[in-house]
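# output the structure for:
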Amino acid sequence: MEIVAGTDPFGLFQTWFDEAVKAEINDPDAVALASVDADGMPSVRMVLLKEWSPNGFVIYTNYQSRKADELLATGKAAFCVHWKSLRRQVRVVGPVSKANPEQSDAYFASRGRGSQIGAWASAQSRPLASRDDLAAEVRAVEARFPDNVTRPPHWGGFCIDPQEIEFWADGEHRLHDRFKFTTTGNGGWNIQRLNP
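Purely as a prediction, here's the structure:
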């Protein structure tokens, strides 16, 4: 498959994502998010990519989690999304910062009540004595919020400002098609075809 690369990587990403929504059985928005700790040790986990625009790519999480600690400490992140059924992937690298509170509030309000409760109940990444303890915390949060659930102050978005976006499409005999978009810093992109 040959990539038709225009000058807008976000447009190409949207086109590929729309095709992935039709082709992938589960979670076409799942990405492997990478960060590093203070010693430079890398860490990676699957998260859901919830928003993207020329302003960046946004994921949401607990700000007290391991991933948040690492993202806040270094201010850098990378992710890769792999759409196996389409034999495509996209890799993104760039600085990361907290999304603004209004954006986090809006996304939190769109989540189901169970997920909202879970954001309060889970002390993400920290030790848990038992599932019973977690269930008890869920019940306590449900009692605390009988109606609308407000966004926890320790929960919100992170926005990755892409400095580099690479599109990869599977090719016959491993002669894959690759294009790398690198920001010029003024809203434009340098586009370069890469060897497979």
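
# ok, which stretches of this structure are helices?
If you assign secondary structure with DSSP state H, the helices in the chain sit at 9-23, 66-74, 101-110, 113-121, 131-144.

# what about these, which gets the closest to residue 153?
helix 101-110 (9.1 Å; CB to CB). Where C-beta positions appear, they are placed from N, C-alpha and C, glycine not excepted.

# name the residues of the closest one that are buried.
Using 16 or more other CB atoms under 10 Å as the test for burial, helix 101-110 gives 103-104, 107-108.

# closest to residue 38 out of these?
Proximity of the buried residues of helix 101-110 to residue 38 was ranked by CB to CB; the top entry is residue 104 with 25.4 Å.

# beta partners for the residue nearest to that closest one when sequence neighbours are not counted?
In space, residue 104 comes closest to residue 156 once its chain neighbours are excluded; the distance is 3.5 Å by CB to CB, 6 or more residues apart in numbering. Note on residue 156: beta-bridge partners residue 61, judged by DSSP bridges.

# so for residue 49, which of the helices of the chain sits nearest?
Among these, the nearest to residue 49 by CB to CB is helix 9-23 (8.7 Å).

# show me what the closest one is in contact with.
Where contact means CB atoms under 8 Å, 6 or more residues apart in numbering, the residues beyond helix 9-23 that reach it are 3, 5-6, 28-29, 52-54, 83, 85-86, 88, 90, 162, 165, 167, 181, 189.

# send me it as CSV with only the CA atoms.
Taking only C-alpha atoms (Å, rounded to 0.1, in the frame of the first residue of the first chain), the coordinates of helix 9-23 have been written out as CSV:
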residue,chain,number,x,y,z
PRO,A,9,-0.6,15.2,8.8
PHE,A,10,-3.8,15.7,10.9
GLY,A,11,-6.0,15.3,7.8
LEU,A,12,-4.2,12.0,6.9
PHE,A,13,-4.5,10.8,10.5
GLN,A,14,-8.2,11.5,10.5
THR,A,15,-8.6,9.6,7.2
TRP,A,16,-6.7,6.6,8.5
PHE,A,17,-8.6,6.7,11.9
ASP,A,18,-12.0,6.8,10.1
GLU,A,19,-11.0,3.8,8.1
ALA,A,20,-9.8,2.1,11.3
VAL,A,21,-13.1,2.7,13.0
LYS,A,22,-14.7,0.5,10.3
ALA,A,23,-12.0,-2.1,10.2
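
# next, the buried residues of it.
Of the residues in helix 9-23, those buried by neighbour count under the rule 16+ other CB under 10 Å are 9-10, 12-13, 16-17, 20.

# returning to what we had before: and for the residue nearest to residue 104, the neighbour number?
When counting by other CB atoms under 10 Å, one arrives at 23 neighbours for residue 156.

# tell me which residues touch it, please.
Contacts of residue 156 by CB under 8 Å, 6+ apart are 60-61, 63, 98-99, 101, 104, 108.
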